[in-house]
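Novice: Structure here, sequence nowhere to be found:
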């Protein structure tokens, strides 16, 4: 019997983890009886009752597993690490807030059985804030044009990944993984399934402007060179224009010595313009350097506080120690 793993990252999802697990179990009991399954929650240091509820779920159902992170390791590291801890023949990643429709699970599995190693959901419409959806669309289109590597528009990570691709993720050892880019860059031929993103069922999203900016800069600095190229070309152009204007001013001053006032306004405008351009690109270069620094440090993706219902892994460790 084939086994399907379902990975659900959580952070302050006390209102969602219990109903979500019940609906997933109902789908397997009613529509997917021919498959075994496991539900793996990876909690990113929730501050509410999420962990207590997960402990209760794991206590009552051995097919529900949980990993508790020692601290919050970010919105990218935790799901990526969780994917690497699953052991099913395929793994489905979905969020805990019901924005990823669970009725897509049978569709993903059917496409997987047809031979697709990766089956992902693509948002074609969304019930989220219209302005946010518009801004996301503009960002996806921009990054797609700027990147040398294919970028998938409106892809959040929601989808099914064959065990062979999970093994690729395990071997990467990337300390700052961006799953959406990795799927596009290193993934097998995939099947895209459109869906409408629902509103968050309960609770408040942990995403804010800073988190969205962090996600945008991670993809920008990981998969584009255009920022550095623009800085180089713009610096070259500004340098050439500065020399040209300086020569023009010098010639005009020599010809019209008494009637051509130099003035301070052009100098101040030039200084402020060039200064602002320099500061912008210093910040942009800093983003690239931070990305490089995180990879050079090579810190672990996640430090676990504890895990529940992973008995088979404990037994493997005991065997290794006795050997």
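Specialist: Nice, thanks for sending it over. Quick caveat: nothing in here was measured; it's all calculated off a predicted structure.

Novice: Can you verify my assumption that residue 41 contacts residue 10?
Specialist: Yes. Using C-beta atoms under 8 Å, residue 41 is in contact with residue 10, at 5.6 Å. Heads up, the C-betas are built off the backbone N, CA and C, glycines and all.

Novice: Overlap of the contact sets of these two?
Specialist: Contact criterion C-beta atoms under 8 Å, 6 or more residues apart in numbering; residues bridging residue 41 and residue 10 by contacting each: 17, 54, 96.

Novice: May I ask which of the residues you listed has the most neighbours?
Specialist: Within the shared contacts of residue 41 and residue 10, residue 54 tops the neighbour count with 27 neighbours, counted by other C-beta atoms under 10 Å.

Novice: Tell me the helix or strand right after the helix or strand harbouring residue 286.
Specialist: Assigned by DSSP states H and E, residue 286 belongs to helix 265-297. Heading C-terminal from helix 265-297, the first helix or strand you meet, by DSSP H and E, is strand 304-308.

Novice: Can you list the helices and strands that that next one packs against?
Specialist: On a contact count with 3 or more C-beta pairs under 8 Å, 6 or more residues apart in numbering; DSSP states H and E, strand 304-308 meets helix 50-60, strand 64-69.

Novice: from the chain's centre, how far out does it sit?
Specialist: The chain centre lies 23 Å from the centre of strand 304-308; the measure is C-alpha atoms, centre = their mean, to the nearest Å.

Novice: Report the strands that pair with it, each with its relative direction.
Specialist: Applying DSSP bridges, strand 304-308 is found paired with strand 64-69 (antiparallel).

Novice: Where does pLDDT dip in the stretch 201-323 of the chain?
Specialist: 201-229, 260-266, 268-269, 291, 293-295, 297, 312-323 (pLDDT under 70).

Novice: need the strands for the stretch 101-250 of the chain, in chain order.
Specialist: 118-126, 159-162, 190-197 (DSSP state E, counting those that start in this stretch).

Novice: picking that back up, redo the helices and strands packed on strand 304-308 as CSV? Include mean pLDDT.
Specialist: CSV is the format used below for those (pLDDT from 0 to 100):
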stretch, mean pLDDT
helix 50-60, 94
strand 64-69, 96
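
Novice: Pick the most buried one from the ones you listed.
Specialist: Of all those, strand 64-69 carries the top mean neighbour count, a mean of 23, counting by mean count of other C-beta atoms under 10 Å.

Novice: got a list of contacts for that one?
Specialist: Residues external to strand 64-69 that are found in contact with it (C-beta under 8 Å, 6+ apart): 21, 38-45, 51, 54-55, 57-58, 78, 81-82, 85, 302-310.

Novice: Filter the residues you listed down to the buried ones and hand me the PyMOL line.
Specialist: PyMOL command restricting the contacts of strand 64-69 to the buried ones, with burial defined by 16 or more other C-beta atoms under 10 Å:
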select buried, resi 21+38+39+40+41+42+43+44+45+51+54+57+58+78+81+82+85+302+307+308+309+310
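
Novice: Tell me the pLDDT of residue 107.
Specialist: pLDDT, residue 107: 95.

Novice: residues in contact with it?
Specialist: Residue 107 neighbours (C-beta under 8 Å, 6+ apart): 119, 193.

Novice: could you redo the last one with a cut-off of 7 Å?
Specialist: residue 193 (C-beta atoms under 7 Å, 6 or more residues apart in numbering).

Novice: quick one: it and residue 278, what's the gap?
Specialist: Counting by C-beta to C-beta, to the nearest Å, the gap from residue 107 to residue 278 is 51 Å.

Novice: now residue 161
Specialist: Relative to residue 278, residue 161 is positioned 43 Å away (C-beta to C-beta).

Novice: out of those two, which sits in the busier spot?
Specialist: Neighbour comparison, residue 161 and residue 278: the larger count goes to residue 161, with 30 against 13 (by other C-beta under 10 Å).
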